[in-house]
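# 3D, please:
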Amino acid sequence: MRSEKLETVRLSDIGSDERFRITTRTDNDMLRESIRYAGLISPPILLQMLSGFMIVCGFRRISVCRSLGMTDIPARIMPIGTGDVECVKLAITDNALQRSLNLIEISLSLNLLSPFSDNEKELSRVATSMGLPSNLSLIRKIKPLCLLPISVQQGILSESVALPIAQELQGMTDQESVAIAEMFRELNPSLNKQREILTLIKEIALRENISLSTLTGQFEDMIKDPDADKNQKIQKIRLCLKQRRYPALSRAEADFERVVKNLHLGNGLDLIAPKYFEGREYTVALRFKTLEELRQNASRLDRMMLDPGFIDTLSASF
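Numbers count the residues shown, from 1 in each chain. Prediction:
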C-alpha cells in the first residue's frame, strides 16, 4: 500500500464524490463538539486528483468542519494514481476500527470489495481479512441490502425491518418494498408478526390482483390511529388481514368464540376447537387444585353438554 503524507488542505479543494463512503451515521453533534474544542484529532484520508482531492475516509469529519466554518484542515494524502482497491480497503478499515459496522455499512463494504474479487470465495477471503462476515450464505444475504430503497435501509438500521424480511423485499418493486418497510417502521412488530403480516399481504394481493402498496395503503387509518398503541394497531391489522384472507375461517372462529362465551365455563375449564376447524375433534381442558374445584368443573361440563349452542356447533362438525 502506498504511503500517505500529512498536509494542510483547503476544504474548497475537496470534491463531493462519495464512491468510497461507508458510514451511514448522521449523528454529528458529539463529533461537532469534539472538533470545536479539541480540533481534528484524526485527520481524514484524501486521494490526490489531477484537480483537488477525493474523500477516502472522513466524510462526517469533513462535513462537520465545513459546518463549523473552517477553511483549512490537516489530512493524510494518498498520492495520485493510488488504486481504487487500496482506497476501498482503507475506507473499510478506517470505519471498522472506530466501531462495529451495521448491516448497511457491511453491505456497502462488500459491494465496494466485490469488483476486485474474481468470485465469491475470494470475496469471502478478503472480507475475513478485514473483519467482515466470511460465511458465504450470510454474505449473499447482506450484500444486496445497500441496493434497496433508502426508506427500506432506514428500516433495517432501526431494526424495525428484520433481515429475513429485507430479503423478501428485495424481490419487490421499490414502491411495494417501501410501503411494507414504512408500515413496519411505524408499527415495529416482532419478526414472527412481520412474517405473518407480509405473507397475508402477499397472498391477498395475489388473489385480488392488486399491488402490495395499494393493499397496505388501505390500512393507513389503522396505522395512524392516535387512540391506539402499537400493539393494538398490529392486532387490528392482523385480524383484518386474516378475515380478508380466510373469510370462512374467520366466521367460524367468531361463531365458536360466541358459543364459548355463552357457556360461561369459568377459569378452570377450556373448550378448544380443531385447528383451523378442519377436523372433528374438540378438546376440553380441565384444571383444578382441590376436589371441590373438580366437582364444580364437572358440573359446568355437564351443563355444557346440554347447551343448545354447543350441541349445534358439535352437530355442524359431523
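
# Which stretches in the stretch 201-318 of the chain count as helices?
Secondary structure of the stretch 201-318 of the chain by DSSP state H, counting those that start in this stretch: the helices cover 212-217, 220-224, 230-245, 247-263, 291-306, 308-316.

# In a markdown table, list those helices along with distance to residue 120, mean pLDDT and mean neighbour count.
Just so you know, the C-beta spots here come from the backbone N, C-alpha and C atoms, and that holds for glycine as well. Listed next are those as a markdown table, based on distance: least, CB to CB, whole Å; pLDDT from 0 to 100; neighbours: other CB atoms under 10 Å:
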| stretch | distance to residue 120 | mean pLDDT | mean neighbour count |
| --- | --- | --- | --- |
| helix 212-217 | 31 | 92 | 18 |
| helix 220-224 | 40 | 91 | 12 |
| helix 230-245 | 38 | 90 | 16 |
| helix 247-263 | 44 | 75 | 14 |
| helix 291-306 | 62 | 86 | 13 |
| helix 308-316 | 57 | 75 | 13 |
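
# So for residue 280, which of those helices sits nearest?
helix 308-316 (9.0 Å; CB to CB).

# In contact with the closest residue to residue 286 other than its chain neighbours, which residues?
Leaving aside its sequence neighbours, residue 286 sits nearest to residue 297 (CB to CB, 6 or more residues apart in numbering; 5.2 Å). The contact partners of residue 297, by CB atoms under 8 Å, 6 or more residues apart in numbering, come to 266, 268, 269, 286, 287, 288.

# do you know which of the helices of the stretch 201-318 of the chain lies nearest residue 106?
helix 212-217 (27.3 Å).

# ok, back up a step: select, out of the helices of the stretch 201-318 of the chain, the one closest to residue 67.
So among those, helix 220-224 is nearest, using CB to CB, at 34.4 Å.

# Show me the contact partners of the closest one.
183, 186, 187, 228, 233, 236, 237, 240.

# ok, 6 Å please
Helix 220-224 has contacts (CB atoms under 6 Å, 6 or more residues apart in numbering) with 186, 233, 236, 237.
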